[in-house]
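Colleague: Structure, please.
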Amino acid sequence: MKSAIVLGATGGTGQVIVSELLAREVEVTAFGRSESKLKDFMKAHHFHPQLSYRLGDAFDCQSIVDAASAAEVIFLCVGVNYTDMEEKLLPLGESVMKAANMLAKKIVIVDGIYVYGYQVAKGDENHPKQPHTKKGKVKLDFERLIFSDQWANAKPLIARLPDYYGATSQQSYLQPTLEGMAARKTTIFIGNLNTPREYVYLPDAAKMIVNLAEREDAYGENWHIPGAGLISGKEIIQIAREVTGSRKLVLPLTKHAIRCLGLFDPFMREVVEIMYLTEKGFVLSGEKYEKRIGPIPATPYRQGLEETLRLLRER
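Modeller: Numbers count the residues shown, from 1 in each chain. A predicted model of the protein is given here:
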């Protein structure tokens, strides 16, 4: 891969993918709606000679076409808020796939695991897709749109991540916990502290996603991007206390507490139906990736949390 464009470059996954591409000497165009954010992003990368930016809206097909004509691969890292998902996710898919089809481009879609619903079998890419939530059902429609036969010229793949963490993370469930503990403030933990869950460290995820993008035989399929095993909230907080020295209270937010908050906060109201993932979890299998792509980069949780907390404290 010689060149790429990252839609949503200043978001949590977009930032790490841009960094990974630059580390591999790929010419990168950062694409986003906010010029001030893009300029700050350029500055944060010390105006890297292989990084440029284009202002545009991923919901506007023509603005993608205008910006992506020279790119070999399009990365879609634009997030859609829970409160907007039913209304906006499919229009976003239509826009980016239409653009990729017009330009006959490869396109890498970064997405989550809501399409599966409850885990009923081994968490590989063939796991039954039986979403029981409205967001999961929309996500399944989104996948069908991405792999629709109408895009004969485009070559898409979908990379599915579990919940994630890292210094660039912006909307993950773990983020308020780590930001609060880095600031040595009383904070929250979303979910049950005793339930072991899987999280992927975003720099690891970026390596795997770019590895997939570089493989011709990876397109046309779903891929799982697993983390470094399971870890409970108690273990995460213990590591964070050792790193930061913080002894401030961390309040677990159960489904009941989130439902109460949802009476006043539309976003928290939408979180309620996704809380099943914090109660039973969903573990992704990396067997397909290991067999066809190679070893899975899996930074140990202690190391990843130390790096994340250090960077958060430096802000």
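
Colleague: Just give the number of residues close to residue 144.
Modeller: Using other Cβ atoms under 10 Å, residue 144 has 13 other residues around it. The way it works is simple: take the backbone N, C-alpha and C, and place the C-beta from them, glycine included.

Colleague: Same question for stretch 256-273: list its buried residues.
Modeller: By neighbour count on 16 or more other Cβ atoms under 10 Å, the buried set for stretch 256-273 is 258, 268, 269, 270, 271, 272.

Colleague: Can you dump the C-alpha atoms of it in PDB for me?
Modeller: Presented in PDB, the C-alpha positions along stretch 256-273 are these (Å, rounded to 0.1, in the frame of the first residue of the first chain):
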ATOM      1  CA  HIS A 256     -30.100  -0.300  36.900                       C
ATOM      2  CA  ALA A 257     -28.000   2.800  37.600                       C
ATOM      3  CA  ILE A 258     -27.600   3.500  33.900                       C
ATOM      4  CA  ARG A 259     -31.400   3.200  33.300                       C
ATOM      5  CA  CYS A 260     -32.000   5.800  36.000                       C
ATOM      6  CA  LEU A 261     -29.400   8.100  34.400                       C
ATOM      7  CA  GLY A 262     -31.200   7.500  31.100                       C
ATOM      8  CA  LEU A 263     -34.200   9.300  32.500                       C
ATOM      9  CA  PHE A 264     -32.300  12.500  32.100                       C
ATOM     10  CA  ASP A 265     -29.600  11.700  29.500                       C
ATOM     11  CA  PRO A 266     -30.500  10.400  26.000                       C
ATOM     12  CA  PHE A 267     -27.100   8.900  25.500                       C
ATOM     13  CA  MET A 268     -27.200   6.900  28.700                       C
ATOM     14  CA  ARG A 269     -30.700   5.800  27.700                       C
ATOM     15  CA  GLU A 270     -29.200   4.200  24.600                       C
ATOM     16  CA  VAL A 271     -26.500   2.500  26.600                       C
ATOM     17  CA  VAL A 272     -29.000   0.300  28.600                       C
ATOM     18  CA  GLU A 273     -29.600  -2.200  25.800                       C
END
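
Colleague: can you list the residues that contact the lowest-mean-pLDDT helix or strand in the chain?
Modeller: The helix or strand of the chain with the lowest confidence, counting by mean pLDDT, DSSP states H and E, is helix 266-271 at a mean of 83. Outside helix 266-271, the residues that touch it by Cβ atoms under 8 Å, 6 or more residues apart in numbering are 81, 82, 83, 85, 135, 190, 258, 261, 262, 263.

Colleague: 6 Å instead, please
Modeller: Under the contact criterion Cβ atoms under 6 Å, 6 or more residues apart in numbering, helix 266-271 has outside partners 82, 83, 258, 261, 262.

Colleague: Which of those residues fall in helices?
Modeller: 258, 261 (DSSP state H).

Colleague: all helices for this protein, in order.
Modeller: Using DSSP H, helices in the chain cover 12-23, 35-44, 61-68, 85-103, 134-146, 175-182, 202-213, 233-244, 255-261, 266-271, 276-279, 287-292, 301-314.

Colleague: By mean pLDDT, show me the worst of those helices.
Modeller: For the helices of the chain, the bottom mean pLDDT is recorded on helix 266-271, which sits at a mean of 83.

Colleague: how far is that helix from where the chain is centred?
Modeller: From the chain centre to the centre of helix 266-271 is a distance of 19 Å (Cα atoms, centre = their mean, to the nearest Å).

Colleague: same deal with stretch 174-182?
Modeller: On Cα atoms, centre = their mean, the centre of stretch 174-182 falls 17 Å from that of its chain.

Colleague: Over to stretch 74-86?
Modeller: 10 Å.

Colleague: Stretch 256-266 now?
Modeller: With Cα atoms, centre = their mean as the basis, the mean position of stretch 256-266 lies at 24 Å from the chain mean.

Colleague: Then stretch 95-113?
Modeller: The answer for stretch 95-113 is 16 Å, by Cα atoms, centre = their mean.

Colleague: Against residue 203, how distant is the closest residue in space to residue 202 that isn't next to it in sequence?
Modeller: Spatial nearest neighbour of residue 202, chain neighbours left out: residue 166 (3.3 Å); criterion: Cβ to Cβ, 6 or more residues apart in numbering. Distance, residue 166 to residue 203, by Cβ to Cβ, to the nearest Å: 6 Å.
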